[in-house]
Every structure is written in C-alpha cells, then in structure tokens.
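Student: can you look at this prediction? I've put the sequence above it.
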Amino acid sequence: MISLRVSALWIAPCVAAAIPLVIAPGFLFFYDVTPKIALLCGGTALSLPFLDPRPLFATRTGRWLCLLLGAMFVSLLASTVFSTRLELSVFGTNWRQFGLITQSALLLFVFVVAADMSHGPERVRAYLQAGTVATLLIALYGILQYLGWDPWLDPRTYHIGDAPFTIVRPPGTLGYVTYCANYLVFGTAQALALYRCKTGHRFSWPVLLSGAAPVLATIAILLSGTRAAWLALLLGGLTLIILEGKRPSRRAIAISAAIATLAAIFYLSPAGLHLRSRMHWFREDPTGGARLYLWRDSLRLAARHSLLGSGLETFSIAFPLVQSRDLSRAFPEFYHESAHNMFLDAAASQGLPGLLILLAAAALGLRNRRNPVLFAGLVAILVCHQFSVFTVPTELACWMTIAMLLLPDEKPAPTDPDRRMLWLLPISLTLLFVAIRITAGDYHLARMRSALEASRFPDAEAQYLAARRWGSHADIWFSRKQITLGRILQALPSAISATTTAEDPYNAWMNLGLIYAQMNNVVQTERCIREAIATSPNWYKPHLALAQLFLATNRQQEGQRELQLARDLNPAAGK
C-alpha cells in the first residue's frame with residue numbers, strides 16, 4: 001500500500017514551480033499577484049498533512065535553517081503588532097500583498113519544501129525538474145512578448161516611451177519585468193544544477209530541458225533590459241568559474257564566441273531595435289533613476305524605526321515622511337512603493353532584527369560551497385535584489401536556494417511512516433480559507449471593472465460592495481474611474497474610504513479633494529489638500545493645488561507662499 005507521503009510526492013514541487021507561472025488576466029483584478037498568493041496558501045495547506053521534518057531536524061544545518069525561519073516569523077509578527085498601519089501589515093498592499101499572512105505562509109511553505117528535500121537528493125531533483133519546466137515556460141513567454149506576440153496581456157502595458165526610442169520590458173508571468181528577470185536568474189541556476197546531475201541519457205527529457213532552459217532564460221533576461229539581472233548573471237557566472245577553478249575549454253570558448261556573434265547580429269538587426277532603444281535610455285540614465293536618493297532616504301527611515309521597523313508593507317506610507325527635498329526635486333513625479341533593495345526593505349519594515357535574520361540566512365547559504373552552481377545562483381540572486389525587493393516568487397526562490405545548499409548530498413536513514421503531522425490540519429483549513437477569501441474578493445473586483453467598462457453601474461456597485469465583504473478593495477481605482485465617467489457624487493463614498501484603506505494616502509486625499517473641488521466645497525477641499533501635505537510633506541502637487549485654491553479665493557499671500565514651495569519642490573510646477 002502506498003503511504004500518504006509517497007502519494008503526495010509531487011504536490012510541493014509542482015506548487016513551487018507553478019507559483020511564478022500562474023496568472024489570471026480577465027478573471028482576477030490583480031491577476032498577476034492574487035493567484036500566486038492563493039496558490040501559495042492552498043499549496044501549503046495541501047502539503048502540510050504530509051510533512052515529515054525528522055531528516056531536516058537531524059542535521060545541524062537543517063536545524064539552523066528552521067531556527068532562522070522561526071526567528072523571521074517572530075520578527076514579522078512583532079513588526080506587525082507594532083506597525084504604523086496594522087491592517088496593511090496584516091494583509092499587505094495591493095501591488096504585492098506581502099503582509100504577515102502572505103509572508104507567514106511563505107515561510108511555512110519553505111519549511112515544508114526543506115523538510116521534503118531533506119529526504120534525499122532525488123527529492124531535490126524533483127524540485128529542480130519542476131522549476132526547470134517553469135523557467136522554460138516563463139522564458140519562452142518573455143521572449144515572445146519581446147517579439148510582439150502576447151495572447152493574454154495588453155502589450156501596451158509594457159511598451160514604454162515614444163518612438164523612435166520605445167522600449168519593450170517583457171513581464172512574463174511575474175507582473176513586472178524586474179521581478180521576471182530576477183526569477184529567471186534563479187531559474188538559470190536551478191536548470192544548470194539539474195543539468196549537472198547527469199540523470200538519464202543525453203537525449204532524456206530532463207537533460208534536454210535543463211540544457212535548453214538556461215539558454216532561453218539568459219536570452220529572456222537580456223531582452224528584458226534589466227541591468228541588475230545582467231549584472232547578476234555576469235557575477236554569478238564569474239563566481240562559478242572561480243569556484244570550479246577550470247580554464248574554459250576550446251569548445252566552450254568557440255561556443256561563447258558564436259553566441260556573442262549571434263547576439264551582436266541580433267542587436268544590429270531590425271529585431272534588436274528595442275534593445276538599442278534601451279541602451280539609449282541607459283546612456284540618459286546611468287545611475288538608475290531615483291535609486292541613489294531613495295537608498296539614502298530609506299536608511300533614514302530604517303534609522304527612525306530601528307527596533308521593529310515601521311511595519312510590513314508600510315513603506316509607501318512611512319517613507320514620504322522622511323523623503324528629502326533633494327529626491328522630490330530630482331524626481332517630482334515618482335511614486336516610491338519600496339526601497340528597491342532587499343536588505344533596506346527588511347530594515348525599514350522589520351527593523352534591525354529582520355535585517356540581521358535576513359543577513360544570517362544569506363551568510364548561512366554562502367558558507368556552503370559544495371554545489372558551485374547553486375552557490376553561484378545564490379550570489380546572483382543576492383546581487384539582483386540589491387536593486388529591487390522581494391515578491392512571493394523571488395523570495396521563495398531565495399529561500400529554496402539556501403535550503404538546497406544546506407541539505408546533505410546523502411540520503412538519510414529510513415524512518416517509519418509517521419502521520420502525526422495530521423494535527424496541522426487546522427492550519428491547512430485556515431490557509432485554504434485565506435486562498436478562497438482573496439480569490440473571491442479579487443474576482444468581484446474584476447467583475448466590478450467589467451461592469452463599469454460596460455456602463456452597468458448598479459452591477460458595478462454591487463460587485464464593489466461584494467469585494468469589500470471579502471476584504472478586497474480598490475477604492476482609489478473605483479473612485480477615479482467613476483470621476484472619468486462623470487459620476488462625481490457616486491465617486492465620493494469610495495474616495496472617502498480610500499483615505500483609510502489606500503497604501504498611498506496622499507493620493508487618496510488628493511483624489512477626495514478633487515471631488516470636493518468639483519462640488520465647489522472649498523472647506524473640504526482645503527482640508528483634503530492639507531491632509532495630503534501632512535502625509536507627504538515634500539510632494540509638490542498638494543502644495544500647488546493649495547496655492548491654486550488660495551489664489552482662487554483671494555488669499556494671495558498664502559497662495560504665493562504655497563506656489564513658491566511647490567516650485568521649490570518641482571521647478572516646472574505652475575508653469
């Protein structure tokens with residue numbers, strides 16, 4: 001009779017591979033985020049009853065991994081309890097939904113994966129095989145997006161700039177090009193690790209897939225135009241060469257030369273136009289936009305909340321309060337949703353404890369060099385995330401790489417079947433409820449959008465309220481959409497709600513102020529603009545709006561003062 005564990009051998013590997021793959025455009029409102037989190041929660045729920053962590057606990061490195069996962073959970077919990085916006089830290093922002101619930105489920109799933117992989121090298125290969133398939137599919141999709149074929153997403157959402165310097169930033173299935181490129185960095189490493197396993201004959205499907213996946217992933221990364229991922233590939237490759245200590249063979253040199261020649265031909269061909277445009281953008285912006293100012297000001301935020309951080313997912317609320325005028329002047333139109341650095345993000349949201357735990361996890365992984373490919377992969381993952389923050393797929397990739405590096409190569413001693421982990425069923429049921437809740441709420445938001453676009457306003461209102469009952473909201477979007485349709489009074493309730501639910505309250509207050517202005521309510525308009533200034537002191541727009549209000553109501557001295565302040569923050573303001 002097949003045991004419960006054996007019957008579920010492929011649940012966790014398939015879930016780990018499917019998380020970066022799954023998207024639901026048309027079915028869900030946040031189609032690239034919600035399905036990933038729902039799958040994470042649902043997959044963890046299904047995997048928990050089959051958990052057998054005894055081999056993981058039997059090794060010193062396994063115990064260290066468990067200790068770090070537990071410490072990270074405690075840090076997340078403490079930062080949430082003392083958060084500046086509790087509900088946001090629990091449920092997360094709309095753009096990545098990376099609050100306590102999601103991150104706890106991720107850590108629990110990492111524990112499940114590590115426990116499963118600790119049962120022997122064949123279990124590690126199962127994850128490498130499933131992940132290689134996902135890498136291949138994501139890379140192919142990204143390449144096709146660059147070439148102009150996309151059956152699911154509107155290409156206009158990732159074509160940026162005006163001709164002749166329009167660039168294409170293929171997001172694949174990850175929602176944004178940077179997260180796609182970062183995941184493919186990990187995918188390249190796991191595919192190469194599978195190829196090094198030498199399982200099967202040279203034409204077996206694992207060998208063919210693991211040989212094709214890193215090539216296609218590298219091409220997709222290059223076409224993405226993501227400099228951080230390019231740097232990560234380069235440094236990861238150099239790390240691998242140094243670790244192995246081998247001089248490249250003549251065959252390898254010849255293949256590399258041929259690939260470089262083909263790449264140059266492609267770059268100079270008509271198909272390489274978007275890449276040439278991207279290089280033009282690089283020359284105009286060699287420092288990576290606002291990042292240098294952003295990192296400096298993020299350090300200021302982390303120092304202000306050094307003990308426990310400002311709270312998970314509160315960066316967009318806490319950062320404007322410390323944002324410098326230098327940053328505001330240099331990039332007046334930028335919205336800063338994160339610190340664009342994995343360690344700064346942890347320091348700002350979780351304080352010094354969260355930062356130290358993350359550093360310890362990275363250091364623990366980098367202490368183990370027995371698998372040069374995975375070691376180089378971890379180096380590459382850390383490099384590219386110095387320029388971006390984690391999302392669910394990329395943080396899962398980082399923790400899985402660390403776990404693979406820590407686990408021993410030999411198969412552990414056999415253990416008797418053990419079903420005591422069935423006591424975890426209540427946690428599984430809770431996670432299943434979370435998956436259903438966020439999916440149902442997001443589904444109603446998608447129906448809300450469809451009804452609005454079809455001018456079925458009563459249906460849209462009903463779907464909006466149904467989504468709120470499930471805990472999902474898109475208040476600013478719903479309000480602004482109503483404004484564009486000329487439904488000012490109908491936009492008011494959701495605009496008021498947005499001031500308490502939005503992760504960017506300054507935008508919510510400005511939106512509400514716009515509605516009151518169109519209703520000729522001067523008192524409420526001024527109140528909303530002042531609230532926007534209070535939540536983002538160095539944003540020029542509310543100062544400009546307040547100046548216009550003062551000038552229109554014959555408060556010349558106050559108006560000129562606010563206008564001068566707006567122009568100090570953005571020299572083009574008011575012209």
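Tutor: Here it is on my side, so go on. Fair warning: this is a prediction, and the values are worked out from it, not measured in the lab. Numbers count the residues shown, from 1 in each chain.

Student: kindly export the host helix or strand of L465 (C-alpha atoms) in CSV.
Tutor: Assigned by DSSP states H and E, L465 belongs to helix 457-469. C-alpha atoms of helix 457-469 as CSV (Å, rounded to 0.1, in the frame of the first residue of the first chain):
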residue,chain,number,x,y,z
PHE,A,457,-23.4,51.0,-12.9
PRO,A,458,-25.7,49.2,-10.4
ASP,A,459,-23.9,45.9,-11.1
ALA,A,460,-20.5,47.6,-10.6
GLU,A,461,-21.6,49.0,-7.3
ALA,A,462,-22.9,45.5,-6.2
GLN,A,463,-19.6,43.9,-7.2
TYR,A,464,-17.6,46.6,-5.4
LEU,A,465,-19.6,46.0,-2.2
ALA,A,466,-19.2,42.2,-2.6
ALA,A,467,-15.4,42.6,-2.9
ARG,A,468,-15.3,44.7,0.3
ARG,A,469,-17.2,42.0,2.2
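
Student: closest to the centroid, which residue in the chain?
Tutor: Geometric centre of the chain, nearest residue: T391, 2.7 Å, by Cα atoms, centre = their mean.

Student: that residue against L174, yeah?
Tutor: Yes - the pair T391 / L174 is scored as a contact, 7.3 Å apart, by Cβ atoms under 8 Å. Placement of C-beta: from N, CA and C, glycine included.

Student: about what we covered before: which ones are touching the residue nearest to the centre of the chain?
Tutor: Contact analysis of T391 by Cβ atoms under 8 Å, 6 or more residues apart in numbering lists 33, 96, 98, 174-175, 179.

Student: same check, this time on H340
Tutor: H340 touches 291, 294-295, 387-389, counting by Cβ under 8 Å, 6+ apart.

Student: of those residues, select the buried ones using a ChimeraX command.
Tutor: Entered in ChimeraX, the line below selects the buried ones among the contacts of H340, by 16 or more other Cβ atoms under 10 Å:
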select :291,294,387,388,389
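
Student: among the contacts of H340, name the ones in helices.
Tutor: Among the contacts of H340, the residues falling in helices (DSSP state H) are 291, 294-295.

Student: any chance of these in TSV, plus distance to L106 and pLDDT?
Tutor: Converted to TSV, those look like this (distance: Cβ to Cβ, whole Å; pLDDT from 0 to 100):
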residue	distance to L106	pLDDT
R291	26	90
L294	25	96
W295	25	96
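
Student: looking at those, which is nearest L544?
Tutor: L294 (22.7 Å; Cβ to Cβ).

Student: pretty sure that closest one contacts L327?
Tutor: Yes - counting by Cβ under 8 Å, L294 does reach L327; the two are 6.7 Å apart.

Student: got the residue ranges for the strands in the protein?
Tutor: Listed in chain order, the strands of the chain (DSSP state E) span residues 159-160, 167-168.

Student: give me the distance between the first one and the centre of its chain.
Tutor: This points to strand 159-160. Relative to its chain's centre, strand 159-160 lies at 20 Å (Cα atoms, centre = their mean, to the nearest Å).

Student: now do that strand: which elements does it pack against?
Tutor: If you count contacts as 3 or more Cβ pairs under 8 Å, 6 or more residues apart in numbering; DSSP states H and E, strand 159-160 packs onto strand 167-168.

Student: who does the strand it packs on pair up with?
Tutor: strand 159-160 (antiparallel) (DSSP bridges).
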